[in-house]
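> Predicted model and sequence below, questions to follow.
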Amino acid sequence: MDEGGHGCINKARRIRERLHLKVGHEVITEMCSLWGCRDENDFWRVMNEMSDVQLFEAVMEAISRVRKRKPKGGKREVVPAYA
């Protein structure tokens, strides 16, 4: 659907205005897939029908799914310099 273009910026701005949360394009993209959006209009329709609490829960669910997919940082494999 939307891979981080201007539409994604507008969606993130609207979420920031309603919930005072900053979200990135990965979270927006995850929300689109969770809701089964086919296009921009689907996203805006679903989002506008939601209360702030429902929107907050949807954002938290999307964040949790994005975090599960990403590997944990800082745990690099130690490779000896001279093997």
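Structure received. Residues are numbered from 1 along each chain as shown.
> Would you mind finding the longest helix in the chain?
helix 52-69 (DSSP state H).
> who does that helix touch, helix- and strand-wise?
For helix 52-69, the contact count by 3 or more C-beta pairs under 8 Å, 6 or more residues apart in numbering; DSSP states H and E identifies helix 6-19, helix 25-35 as packing neighbours. Quick note: C-beta positions are derived from backbone N, CA and C, even for glycine.
> Output those as CSV; include the columns distance to K70, mean pLDDT and mean neighbour count.
Formatted as CSV, the entries for the helices and strands packed on helix 52-69 read as follows, by distance: least, C-beta to C-beta, whole Å; pLDDT from 0 to 100; neighbours: other C-beta atoms under 10 Å:
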stretch, distance to K70, mean pLDDT, mean neighbour count
helix 6-19, 18, 88, 15
helix 25-35, 9, 92, 19
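> Same list, those, but as JSON lines with distance to M47 please.
Below are the helices and strands packed on helix 52-69 laid out as JSON lines (distance: least, C-beta to C-beta, whole Å):
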{"stretch": "helix 6-19", "distance to M47": "7"}
{"stretch": "helix 25-35", "distance to M47": "8"}
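> closest one to D52 among the ones you listed?
helix 6-19 (5.8 Å; C-beta to C-beta).
> circling back to that earlier point, show me what counts as buried in the longest helix of the chain.
Applying a neighbour-count criterion of 16 or more other C-beta atoms under 10 Å, the buried positions in helix 52-69 are L55, A58, V59, A62, I63, V66.
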